[in-house]
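# Pasting a predicted model and its sequence here:
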Amino acid sequence: MKVTKSQLKQIIKEEMESSPAVLALLKDILTAVKSVDTSIDYLIAAQTGEDPLTISSLQKTMGRYRLPSRYRGDSSKEDA
């Protein structure tokens, strides 16, 4: 039996709605991942001298391939 993408989405949606425990677990996992992401932003800030909130917002807009200012040749920041 071949399942189409839309059928698979419907099956997953029905399973998630039928099990509140699974939904609660997924919310907990998402909260933990967001916390780890914030911690990583602060570690990057400590290494680059950039503001953690700037790092977070630029990653959201430009993706993970965005380089820190010192690697982009931004002369407004001094290297330590």
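Thanks, I have it.
# Where in this protein is the helix or strand with the lowest mean pLDDT?
helix 69-72 (a mean of 61; mean pLDDT, DSSP states H and E).
# Run through the helices of the chain in chain order.
Listed in chain order, the helices of the chain (DSSP state H) span 5-18, 20-48, 52-62, 69-72.
# can you put those in TSV and add mean neighbour count?
Every C-beta, even on glycine, is put in place using the N, C-alpha and C of the backbone. Formatted as TSV, the helices of the chain follow (neighbours: other Cβ atoms under 10 Å):
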stretch	mean neighbour count
helix 5-18	10
helix 20-48	11
helix 52-62	13
helix 69-72	13
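# Which of those has the lowest mean pLDDT?
Mean pLDDT per stretch puts helix 69-72 lowest among those, at a mean of 61.
# quick one: Asp51 from Ser39, how far?
The gap separating Asp51 from Ser39 is 15 Å, by Cβ to Cβ, to the nearest Å.
# Quickly note the distance from the spatially most central residue of the chain to Ser57.
When Cα atoms, centre = their mean is applied to the chain, the residue found nearest the centroid is Asp37 (6.1 Å). According to Cβ to Cβ, Asp37 and Ser57 sit 12 Å apart.
# same deal with Ala32?
Going from Ala32 to Ser57 by Cβ to Cβ gives 21 Å.
# repeat for Tyr65
Going from Tyr65 to Ser57 by Cβ to Cβ gives 15 Å.
# Same question for Arg64.
For Arg64, the distance to Ser57 (Cβ to Cβ) stands at 13 Å.
# now do Met1
Counting by Cβ to Cβ, the gap between Met1 and Ser57 amounts to 45 Å.
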